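Q: just to be clear, the model below is a prediction. Sequence and coordinates:
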Amino acid sequence: MSICYEFALECQIKCDVSQKVIDTLKYMTRSQEYDFDTPELGYPLFKEDTHWKEIWNIRDSKVTVIRYEWRTIITNQPREGEQYLPDEFGSAFDGNKLSFRRLSRDDEFCNVCWFLLPWLASISDTTGFVGYYRGDFDDYPTLVRFEAGTASLHKLIPIRFVQGEQIELDNAEDSVLRLELESMTEIVRQELLRQAENSKMSLEAYISSVVARRDAMDAALKLGEPPPS
């Protein structure tokens, strides 16, 4: 059975990135399809061994199939299931601000995000908790943190599960971090507000009831490759 992931991120892209990066982000968040050559950015996310699109004949109709998932994972095009969830979904890149909230099937998400998140961290001016992802069966989201050009993953867990462990406010090397509103983007705040409302709590009460523990999948971001399935 396929699992769906809800994932979202918001960050300001550095003002000194190349025009190739700008054009690539515009393409990735497009609302309409258009041809776009493989960007020569020297990053594994954009490695393509064959032509990026194919024409398939399905029931006597010609259908264009896009082969590489980095081209489709954050497009501003509706995904099945998003209409049943609260608040807005979509993608945008405007004024060097990138934001997206999407649903993705598990194979697409797992094939791409381990490359996508480190690349975005390397070109982001925004630091702190910038995004999250959550699978169908996850009780708590996993937060995405950017710091010093690198990405890390932190699973939210109830604070009662870490009794006796040292909890820090803002140290990328610590395994358990306490949450503060000032250290997260609006898109993360909105997700935590939805979680709080589901638990019939205020946002402040919810944040004080959980901590962010560095996730085991964090190692995959450092390697720049998907974890073993």
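A: Received it, and whenever you're ready, just let me know what you need.

Q: contacts, neighbours, all on C-alpha from now
A: Fine.

Q: can you pull the buried residues of the longest helix along the chain?
A: Using DSSP state H, we find that the single longest helix of the chain is helix 106-123. Judged by neighbour count using 16 or more other C-alpha atoms under 10 Å, the buried positions of helix 106-123 are 106, 108-123.

Q: now the element after it, going C-ward?
A: strand 128-135 (DSSP states H and E).

Q: where do the helices sit along the protein?
A: Secondary structure of the chain (DSSP H): helices located at 19-28, 106-123, 186-198, 203-209, 218-223.

Q: adding mean pLDDT and distance to Phe46, write the ones you listed out as CSV.
A: Below are the helices of the chain laid out as CSV (pLDDT from 0 to 100; distance: least, C-alpha to C-alpha, whole Å):
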stretch, mean pLDDT, distance to Phe46
helix 19-28, 98, 10
helix 106-123, 90, 9
helix 186-198, 96, 26
helix 203-209, 95, 37
helix 218-223, 64, 16
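
Q: closest one to Ser91 among those helices?
A: Ranking the helices of the chain by proximity to Ser91 (C-alpha to C-alpha) places helix 19-28 first, at 8.8 Å.

Q: now the helices of the chain as JSON lines including distance to Asp35?
A: Output for the helices of the chain, formatted as JSON lines (distance: least, C-alpha to C-alpha, whole Å):
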{"stretch": "helix 19-28", "distance to Asp35": "9"}
{"stretch": "helix 106-123", "distance to Asp35": "20"}
{"stretch": "helix 186-198", "distance to Asp35": "30"}
{"stretch": "helix 203-209", "distance to Asp35": "43"}
{"stretch": "helix 218-223", "distance to Asp35": "29"}
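
Q: out of these, which gets nearest to Thr72?
A: helix 19-28 (6.8 Å).

Q: now the angle between helix 106-123 and the closest one, please.
A: Computed by axes from the mean of the first three to the mean of the last three C-alpha atoms, to 10 degrees, the angle separating helix 19-28 from helix 106-123 equals 150 degrees.

Q: low pLDDT regions in this structure?
A: 1, 49-67, 164-174, 219-229 (pLDDT under 70).

Q: do a quick rundown of the strands in this structure.
A: For the chain, the strands defined by DSSP state E occupy 4-12, 53-58, 61-66, 90-94, 97-105, 128-135, 142-147, 150-158, 176-178, 210-214.

Q: make TSV from the ones you listed and add mean neighbour count to it.
A: Converted to TSV, these look like this (neighbours: other C-alpha atoms under 10 Å):
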stretch	mean neighbour count
strand 4-12	22
strand 53-58	11
strand 61-66	11
strand 90-94	20
strand 97-105	20
strand 128-135	23
strand 142-147	23
strand 150-158	21
strand 176-178	22
strand 210-214	23
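
Q: including distance to Gln83, could the ones you listed go into CSV?
A: Output for these, formatted as CSV (distance: least, C-alpha to C-alpha, whole Å):
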stretch, distance to Gln83
strand 4-12, 13
strand 53-58, 27
strand 61-66, 24
strand 90-94, 11
strand 97-105, 10
strand 128-135, 17
strand 142-147, 22
strand 150-158, 26
strand 176-178, 33
strand 210-214, 29
